[in-house]
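**Q** Structure, please.
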Amino acid sequence: MKGSIRSQLREKIFSEKAKGEVITSSDFLAFWPRTAVDQALSRMARDGELKRILPGIYEIPATNKRFNLPVPTDQEQVAKAWARKNEARLLPNGIYAANALWLSDQMAGRYEYLTDRPSATVHVGGWKLRFKKTSPKLMRLSGSITGLVVQALRSLGRKSIDRDFVVTQLTKRLSDTEKEQLSRDMELVPVWMRPILQQVIAPPVSHE
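**A** The predicted structure is shown next:
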């Protein structure tokens with residue numbers, strides 16, 4: 001790959017990344033020095049090739065072909081880019097997790113993630129992302145299906161959870177590999193959730 005760092009970086013971004021994807025300068029530090037990457041991305045944003053979301057975080061613009069309008073920025077991608085940039089681990093808020101697992105149709109009132117980094121709030125367009133520092137023990141579940149399930153059940157509440165519904169939904173939606181992961185992580189799961197997840201991992205055998 002020849003040419004300036006900017007031309008090399010442009011080629012790498014537009015050949016390997018999708019439109020609408022959110023990237024950060026730290027994604028490319030294995031190839032070029034930080035200062036050079038930061039300068040190249042900044043100039044690409046200035047020239048309209050990229051959209052600057054936050055310092056060091058950019059979006060590859062995408063357009064809805066039918067309406068010829070910009071595709072809204074994906075908040076989850078922004079959160080993941082923020083995590084990569086800050087070398088942070090994340091867990092989504094409970095409502096988001098419950099929606100992702102089809103355990104609730106309630107909409108999250110705000111975009112919130114737990115993290116092992118200091119708490120922070122960032123503003124992106126008309127919405128904001130909140131990152132809330134939590135315990136190292138809980139963050140051990142970051143990036144796993146177990147973390148998503150724990151956050152979902154936590155949002156449903158120990159006293160108000162519909163156990164039969166949750167067991168049925170998770171049994172149907174989780175793959176065998178994900179259930180095996182739940183089994184391996186059981187000691188990290190709050191005690192009150194364990195009987196529920198045991199039913200998901202090994203549902204009763206029907207004798208009909």
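**Q** can we go C-alpha only for contacts and neighbour counts from here?
**A** Fine.
**Q** Where do the strands of the protein begin and end?
**A** 22-24, 51-54, 57-59, 63-64, 69-70, 90-92, 111-115, 120-124, 127-133 (DSSP state E).
**Q** Number of residues surrounding residue 103?
**A** 22 (other Cα atoms under 10 Å).
**Q** Can you give the domain ranges for the chain?
**A** 5-70, 88-201 (automatic domain parsing).
**Q** okay if I get those domains as TSV plus mean pLDDT and distance to residue 76?
**A** Output for the domains of the chain, formatted as TSV (pLDDT from 0 to 100; distance: least, Cα to Cα, whole Å):
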stretch	mean pLDDT	distance to residue 76
domain 5-70	93	9
domain 88-201	91	9
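**Q** Tell me which of those domains sits nearest to residue 81.
**A** Minimum separation from residue 81 across the domains of the chain (Cα to Cα) falls at domain 5-70, 5.9 Å.
**Q** So what touches stretch 186-205?
**A** Residues outside stretch 186-205 that contact it (Cα atoms under 8 Å, 6 or more residues apart in numbering): 137-138, 141, 146, 150, 153, 158, 163, 167-168, 170-171, 179-180, 182-183.
**Q** Generate a PyMOL selection restricted to the buried subset of those residues.
**A** This is the PyMOL syntax for the buried subset of those, where burial follows 16 or more other Cα atoms under 10 Å:
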select buried, resi 138+141+146+150+153+163+167+170+171+179+182+183
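**Q** can you tell me which of the contacts of stretch 186-205 are in helices?
**A** 137-138, 146, 150, 153, 163, 167-168, 170-171, 179-180, 182-183 (DSSP state H).
**Q** separation between the residue lying closest to residue 171 once chain neighbours are set aside and residue 186?
**A** The shortest distance from residue 171 to any non-neighbouring residue, by Cα to Cα, 6 or more residues apart in numbering, is to residue 200 (5.0 Å). Using Cα to Cα, to the nearest Å, residue 200 is found at 12 Å from residue 186.
**Q** what do you get for residue 35?
**A** Applying Cα to Cα to residue 35 and residue 186 gives a distance of 44 Å.
**Q** if we can go back for a sec, next, format the domains of the chain as TSV and append distance to residue 82.
**A** As requested, the domains of the chain are exported to TSV (distance: least, Cα to Cα, whole Å):
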stretch	distance to residue 82
domain 5-70	7
domain 88-201	8
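**Q** Out of those domains, flag the one nearest residue 79.
**A** domain 88-201 (7.4 Å).
**Q** circling back: format the strands of the chain as CSV; extra columns: mean neighbour count and distance to residue 194.
**A** Listed next are the strands of the chain as CSV, based on neighbours: other Cα atoms under 10 Å; distance: least, Cα to Cα, whole Å:
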stretch, mean neighbour count, distance to residue 194
strand 22-24, 26, 36
strand 51-54, 19, 40
strand 57-59, 23, 39
strand 63-64, 12, 44
strand 69-70, 11, 44
strand 90-92, 25, 19
strand 111-115, 22, 22
strand 120-124, 12, 32
strand 127-133, 17, 25
